[in-house]
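**Student:** Output the structure for:
(4 chains)
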Number of protein chains: 2
Amino acid sequence: MPKSQDTRQQMLAAATKAFSEKGFYGTSIAAITQDLPYTKQALLHHFGSKEKLYGEVLAGISNTMIENINAVRMDFDKPQLALQEFFIRFYRYTQTQRVETYLLMRELMDNKQRADASQVWYLKPFVELLADMFIQAIDTQTDEANALAAIYQLLGAVNYFAISEATLTNMLGEEQFSRMRNHFESELRQLVRARLDCATASPFAGKQT
Amino acid sequence: MPKSQDTRQQMLAAATKAFSEKGFYGTSIAAITQDLPYTKQALLHHFGSKEKLYGEVLAGISNTMIENINAVRMDFDKPQLALQEFFIRFYRYTQTQRVETYLLMRELMDNKQRADASQVWYLKPFVELLADMFIQAIDTQTDEANALAAIYQLLGAVNYFAISEATLTNMLGEEQFSRMRNHFESELRQLVRARLDCATASPFAGKQT
DNA sequence: ATTTTCACTTACCAAGTGGTAAGTAGTCAA
DNA sequence: TTGACTACTTACCACTTGGTAAGTGAAAAT
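**Tutor:** Numbering: from 1, shown residues only, chains lettered A, B, ... in the order given. Model (predicted):
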């Protein structure tokens, strides 16, 4: 690996961390290079602008996610199994790659504000692939919009937990939170299965209280 | 209402909107007063500092949420019904009060960064009341940590959808997204019920694939 | 040997940041 | 009538923001 590429990687890593912690607006390019042996102008030399740097960071994460999805697709033929397994792996990903998870969530929120200005949607390929996979996975008799809604709820169940670590730790105490986290994965498996079973048994049940 | 109180309310409303759109760091106090007939120094006069203003905004939202929870508690005796109904109402709240929902999510994320510095946790009362309610609602035979995990997943299902509006609209197109939203509430009801039924039937099933 | 390219630096810049100081105009009580 | 108080303003302040300009030294290409 050429030295300049290594520099770029260092910068990307530092930027990923910084953006995930304080968001796009809360992060200054000077802050990103603070712990690196380079000046902020070196960063601008490599990436052109703050916006472009942010774009590269998001593109990197998006690619990782797409690889993850494809890996699950390879491992499981049955869509329902693949679906369940995807959520478990996605959960584990959010727990391991906390920084990336935060950043993804931030982009989701800043999307409108930032993208309205820059007209770029970095996560589109990832989300499209995800949606596509889920349409296939869920019983196709179901309405597509219906399936999307259900899927998005499960996605939310995972993501929301991941970003709430700090709040929950403070609220429950470390010990209690640790117990909660230990139960989360099996609870998640149960949730996904319950939802699928329910959909298979009676697709449109439960609309009334 | 005294005129100064009205000014404060205007400022709080503008601040809520601004913070929800660009976050704490992305919002300048000058930007908050831009569309108001006051200068930023008037804002500082009323609230002292940006941090204190943010605190008042969050406290207001937290109070509203607590009132919502208490209202559901009054309306339903049976905890399971109250639980289901709470999520539906919570969902509707997130759809109506988009600005507040965004802000809540942002605080969840910035919590660690911001609160580590200021040592204040604005949302603690709200989340504690919520957790308390859910402990009561779920079958007490279940482990407390288990219940918390399950509850948090449902909470995530609702919240995540609310903040994804911009991304989903762009990704799916307005028409498709609209259909998805129309299905969301009944899907949510189904999800909550499925999860509760499952827990009642076999509390610890589904740990293995 | 000379030119070009690359990685990176110092030196800037205008615009914006949160916040302070010192007022001004108005109300209200003594 | 005076003095305190309130709501707000203008005038600043030191500092940070993203970004530009113009270089430097080294390696690579000609």
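**Student:** Tell me what angle the biggest helix by length in chain A forms with helix B:174-201.
**Tutor:** Longest helix in chain A by number of residues (criterion: DSSP state H): helix A:174-201. Angle of helix A:174-201 versus helix B:174-201, following axes from the mean of the first three to the mean of the last three Cα atoms, to 10 degrees, is 110 degrees.
**Student:** What helices and strands are in contact with helix A:174-201?
**Tutor:** Contact here means 3 or more Cβ pairs under 8 Å, 6 or more residues apart in numbering or on different chains; DSSP states H and E; on that basis helix A:174-201 packs against helix A:79-96, helix A:144-163, helix A:165-172, helix B:144-163, helix B:174-201. The way it works is simple: take the backbone N, C-alpha and C, and place the C-beta from them, glycine included.
**Student:** I'd like those helices written out as CSV, with distance to residue B:76 added.
**Tutor:** CSV is the format used below for these (distance: least, Cβ to Cβ, whole Å):
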stretch, distance to residue B:76
helix A:79-96, 30
helix A:144-163, 22
helix A:165-172, 25
helix B:144-163, 16
helix B:174-201, 13
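**Student:** Return the distance of the closest residue to DNA strand D within chain A relative to chain B.
**Tutor:** Going by Cβ to the nearest atom of the strand, DNA strand D is nearest to residue A:28 of chain A, at 3.1 Å. Counting by Cβ to the nearest Cβ, to the nearest Å, the gap from residue A:28 to chain B is 10 Å.
**Student:** Burial check on that residue, number of neighbours?
**Tutor:** 14 (other Cβ atoms under 10 Å in any protein chain shown).
**Student:** Which among the helices and strands packed on helix A:174-201 is found nearest to residue B:95?
**Tutor:** helix B:144-163 (6.7 Å; Cβ to Cβ).
**Student:** That closest one packs against which elements?
**Tutor:** Other elements packing on helix B:144-163 under the criterion 3+ Cβ pairs under 8 Å, 6+ apart are helix A:144-163, helix A:174-201, helix B:79-96, helix B:98-110, helix B:124-137, helix B:174-201.
**Student:** most packed of those?
**Tutor:** Greatest average neighbour count among these goes to helix A:144-163 (a mean of 23), per mean count of other Cβ atoms under 10 Å in any protein chain shown.
**Student:** what's the spacing between that helix and its chain's center?
**Tutor:** Relative to its chain's centre, helix A:144-163 lies at 11 Å (Cα atoms, centre = their mean, to the nearest Å).
**Student:** Ok, stretch A:176-186 next?
**Tutor:** For stretch A:176-186, the distance to the chain centre is 20 Å (Cα atoms, centre = their mean).
**Student:** So for that stretch, mean pLDDT?
**Tutor:** Averaging pLDDT along stretch A:176-186 gives 91.
**Student:** Then stretch A:78-92?
**Tutor:** Rounded mean pLDDT across stretch A:78-92 is 84.
**Student:** Now for residue A:29, how many residues are close by?
**Tutor:** Neighbours around residue A:29, by other Cβ under 10 Å: 19.
**Student:** pLDDT score for it?
**Tutor:** Residue A:29 is given a pLDDT of 96.
**Student:** try residue A:60
**Tutor:** At residue A:60, pLDDT is 89.
**Student:** what angle separates the helix or strand harbouring it from helix A:79-96?
**Tutor:** Here residue A:60 sits within helix A:50-75, counting by DSSP states H and E. Interaxial angle, helix A:50-75 versus helix A:79-96 (the same axes, to 10 degrees): 140 degrees.
**Student:** Now do the buried residues in helix A:50-75.
**Tutor:** A:50, A:53-58, A:60-62, A:65, A:68-69, A:72-73 (16 or more other Cβ atoms under 10 Å in any protein chain shown).
**Student:** picking that back up, of the helices and strands packed on helix A:174-201, which is nearest residue A:193?
**Tutor:** helix A:79-96 (6.5 Å).
**Student:** which strands and helices sit next to that closest one?
**Tutor:** Right, helix A:79-96 is packed against helix A:50-75, helix A:98-118, helix A:124-137, helix A:144-163, helix A:174-201 by 3+ Cβ pairs under 8 Å, 6+ apart.
**Student:** Distance check, residue A:87 against residue A:56.
**Tutor:** 28 Å (Cβ to Cβ, to the nearest Å).
**Student:** again with residue A:150
**Tutor:** Per Cβ to Cβ, residue A:150 is found 33 Å from residue A:56.
**Student:** just to revisit the earlier point, tell me which other helices or strands the helix holding residue A:60 touches.
**Tutor:** helix A:3-26, helix A:29-33, helix A:40-47, helix A:79-96, helix A:98-118, helix A:124-137.
**Student:** 7 Å instead?
**Tutor:** In terms of contacts (3 or more Cβ pairs under 7 Å, 6 or more residues apart in numbering or on different chains; DSSP states H and E), helix A:50-75 is packed against helix A:3-26, helix A:40-47, helix A:79-96, helix A:98-118, helix A:124-137.
**Student:** relative to helix A:3-26, how tilted is it?
**Tutor:** 100 degrees.
**Student:** Name the residues that touch stretch A:62-82?
**Tutor:** With Cβ atoms under 7 Å, 6 or more residues apart in numbering or on different chains as the test, stretch A:62-82 has contacts from A:85-86, A:89, A:93, A:122-123, A:125-126, A:129-130, A:133, A:136-137, A:196.
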